[in-house]
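Asks: Got a predicted model here, sequence first, then my questions.
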Amino acid sequence: MALLDVTQLSIHFGGVKAVQEVSFSIDPGIVYSVIGPNGAGKTTLFNLITGVYKPTSGEIRLDGEPIGGKSPDELARRGVARTFQNLQICMNMSAVENVMVGAHLRLDRNLIKAALRLPSITRRDAELRAEASDLMRFVGLEQYLEARADSMPYGALKRLEIARALAMKPRVIFLDEPAAGLNPKETIEVDHLVRKVADSGITVVLVEHDMKMVMNLSDRILVLDYGKKLAEGTGEEIRRNPDVIAAYLGAHA
Amino acid sequence: MHKRAYTGLYIVIAVLAVLPFVLPNSFYMDTAIRMAINAIIVLGLNLLIGFAGQISLGHAGFLGIGAYASAVLPSHFGWNPLLAMLAGAVATGLLAALVARPIFKLKGNYLAMATLGLGIIINIALRNEAQWTGGPDGMPVPAFGLFGVELTTEKHWYWVVAALLTVSVWASLNLIDSPFGRALRALHGSEVASRVVGVDVVRYKVAIFVLSAVFASLMGSITAHYVGFVTPNLADFFHSIELVTMVVIGGMASVYGSLVGAVLLTALPQALATFEGWETVAFGAILMVCMIFLPKGLVPTLAARFGKGD
């Protein structure tokens, strides 16, 4: 059974139909990419599936259960993680604390116990700090273990977001342009990182403009244009699809 | 934030322990008690403003509820003072939750407006319900006793307040460096990111708002018993602003900044009394200079300058 099933999904902002009747499904364990020109509705689609926006119509199912319109924290509970195109790092915290926040739902959040600093809380926090440090090593940020988030360069923060998402121990992770703004060397590093994430058994849904990276990583690709589904298939199928070529090259062939 | 943060706690304890033996007279003792009371209120308020990024402009109102619960319930109904204090805190907590829930469901920072209004309403209620509260003239507050011991002298009050302050600093440090505290700071840093990792943002904002309001209410009760008299001025808008100023001057999101802010702004009006009539102007000028040169507040700015971190 598909992990994620999206049927006839739409959202309208006033007169703007940002996403129109888009349907697709994602099998567990694959890398699934969403591509399309700027303004095609890729990030909006992510916001719909991760609960940031509520759909105007249509259905989203995770493991067959409807999740459309559910709140982000409800989706987080079900194993949906994401990163953001425009960085959403907590600059008022250290790097490792940012990653630790990702494990929020797996912790005892009791206020009284925290205020009394009960051993159960501190022990779990120490374990979590070690776990978060391991995740930072996993994404290649070992040199920033002691750093404050606001002292880190952009490329490192991009990967810090991935580490935070991984700290949720998600089943599916939505990466919104993880390579945007990175230089070619950093892009290759992120490419390898996404591969490593996928190999660890997490389903990856990727929005990315770097076509080399998309073609290299993706098992299947969805192409959006003006909020509509233009095509879907393997990299090879997409590369040959005349509609996709027309949309990307602007040819009226 | 880790181990080093707690060394400050030992300094606080040491200062509090030594202070009564070096203060020359009861005027200084009185000032120290007021400083400590303000410090506890500001600690709670800084959790809300500095750490969670939500502004309350009505905290003096909560102070007022606590103070008047401790004044009215024992005098008019013969309640035990401790019970009255707790009743005030519970009432404040419920009121804060009642107001905060709908406010936090709105997008944007409406808490400042709502608490501004709430504080003013509480103040007006205290002024108008003269048959209960004595109106603008205020009312006397019965003495406070615990387990048969009445707190009468300044020494008594000093040790009670010093103990409360120590526990509050300790609890605040604990809270900040816990899953609860990280969630608070995270929703300040990026609300959407914290929602996506599963933080129920509304619940956390309500929780910290209620907590800081209850802190204020309890300290309102303590103030009432200590002074032995309450007036509605305790709950007025300017007092709310004064408390927020203590947070900002001391340093947002800094536990020790809260203490420094409370100590300075409690002492400053006394120190400026020699300016006779110009003290408000001097007060304002000092605040302006602080904000221009130390925009992050005293403690965070100095900590960054000397490379220690808070």
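Replies: Sure thing, it's come through. Please read these numbers as outputs of a predicted model, since none were measured by experiment.

Asks: contacts and neighbour counts: CA atoms only from here.
Replies: Will do.

Asks: which outside residues touch stretch A:146-158?
Replies: With Cα atoms under 8 Å, 6 or more residues apart in numbering or on different chains as the test, stretch A:146-158 has contacts from A:87, A:89-96, A:98, A:141, A:144, A:178-179, A:181-182, A:186.

Asks: Return only those of the residues you listed found close to chain B.
Replies: Filtering the contacts of stretch A:146-158 for neighbours of chain B using Cα under 8 Å from any Cα of the partner chain leaves A:89-93, A:98.

Asks: For B:Trp132, state which of the residues you listed is nearest.
Replies: When these are ranked by distance to B:Trp132 (Cα to Cα), A:Asn92 comes first, at 46.2 Å.

Asks: burial measure for that closest one, as a count.
Replies: Residues near A:Asn92, counting by other Cα atoms under 10 Å in any protein chain shown, number 18.

Asks: Okay, and it sits in which element?
Replies: A:Asn92 belongs to no helix or strand when assigned by DSSP states H and E.

Asks: correct me, but it touches B:Arg185?
Replies: Yes - taking contacts as Cα atoms under 8 Å, A:Asn92 lies within contact range of B:Arg185: 7.1 Å.

Asks: re earlier: buried ones only from the contacts of stretch A:146-158, please, as a ChimeraX command.
Replies: Only the buried entries of those go into this ChimeraX selection, using 16 or more other Cα atoms under 10 Å in any protein chain shown:
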select /A:87,89,90,91,92,93,94,95,96,98,141,144,178,179,182
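
Asks: Okay, and which of the contacts of stretch A:146-158 map to strands?
Replies: If you go by DSSP state E, the contacts of stretch A:146-158 have nothing in strands.

Asks: a markdown table please, covering the ones next to chain B among the contacts of stretch A:146-158 and showing distance to B:Leu98 and pLDDT.
Replies: Below are those laid out as a markdown table (distance: Cα to Cα, whole Å; pLDDT from 0 to 100):
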| residue | distance to B:Leu98 | pLDDT |
| --- | --- | --- |
| A:Ile89 | 31 | 96 |
| A:Cys90 | 29 | 96 |
| A:Met91 | 31 | 95 |
| A:Asn92 | 29 | 92 |
| A:Met93 | 31 | 95 |
| A:Asn98 | 31 | 97 |
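
Asks: Return the member of those nearest to chain B.
Replies: The shortest approach to chain B among these belongs to A:Cys90, at 4.1 Å (Cα to the nearest Cα).

Asks: State the helix or strand in which B:Tyr271 lies.
Replies: For residue B:271 the amino acid is Ala, not Tyr. Using DSSP H and E, B:Ala271 falls within helix B:255-271.

Asks: So what touches the helix or strand just after that helix?
Replies: Counting by DSSP H and E, the next helix or strand C-terminal to helix B:255-271 is helix B:279-293. When contacts are defined by Cα under 8 Å, 6+ apart, helix B:279-293 is touched by residues B:249, B:268-269, B:272-273, B:275, B:297-298.

Asks: try 10 Å
Replies: By Cα atoms under 10 Å, 6 or more residues apart in numbering or on different chains, the residues outside helix B:279-293 that reach it are B:245-246, B:248-250, B:265, B:268-273, B:275, B:294-298, B:301.

Asks: If you count neighbours, what's buried in it?
Replies: Using 16+ other Cα under 10 Å as the test for burial, helix B:279-293 gives B:279, B:282, B:287, B:290.

Asks: which of those residues lies closest to chain A?
Replies: Nearest to chain A out of the buried residues of helix B:279-293 is B:Cys290 (Cα to the nearest Cα; 21.6 Å).

Asks: what ranges do the strands span in chain A?
Replies: Along chain A, the stretches classed as strands by DSSP E are A:4-13, A:16-26, A:31-35, A:57-62, A:65-66, A:80-82, A:172-176, A:203-207, A:220-225, A:228-233.

Asks: typo on my end, the stretch 101-250 of chain B
Replies: B:139-140, B:144-146, B:149-151, B:229-230 (DSSP state E, counting those that start in this stretch).

Asks: Which of the ones you listed sits closest to chain A?
Replies: Of all the strands of the stretch 101-250 of chain B, it is strand B:144-146 that lies closest to chain A, at 23.5 Å by Cα to the nearest Cα.

Asks: helices and strands around that closest one, which ones?
Replies: Applying 3 or more Cα pairs under 10 Å, 6 or more residues apart in numbering or on different chains; DSSP states H and E, one finds that strand B:144-146 makes contact with helix B:81-105, strand B:149-151, helix B:201-227.

Asks: helices or strands next to the shortest one in the packing?
Replies: Contacts of strand B:149-151 with other secondary structure elements, assessed using 3+ Cα pairs under 10 Å, 6+ apart, are made with strand B:144-146, helix B:154-176.

Asks: how far is the helix holding B:Ala271 from where the chain is centred?
Replies: Put simply, helix B:255-271 sits 12 Å off its chain's centre (Cα atoms, centre = their mean, to the nearest Å).

Asks: How about stretch A:223-233?
Replies: 19 Å.

Asks: With just CA atoms, put it into CSV.
Replies: Backbone C-alpha positions of stretch A:223-233 (Å, rounded to 0.1, in the frame of the first residue of the first chain) are rendered in CSV as follows:
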residue,chain,number,x,y,z
VAL,A,223,5.9,17.9,-12.3
LEU,A,224,3.7,20.8,-11.3
ASP,A,225,2.9,23.8,-13.5
TYR,A,226,0.6,26.6,-12.5
GLY,A,227,-0.7,24.5,-9.6
LYS,A,228,-1.6,21.6,-11.8
LYS,A,229,-0.1,18.2,-12.3
LEU,A,230,1.8,18.2,-15.6
ALA,A,231,3.4,14.8,-15.5
GLU,A,232,4.5,12.0,-13.2
GLY,A,233,6.9,9.2,-13.7
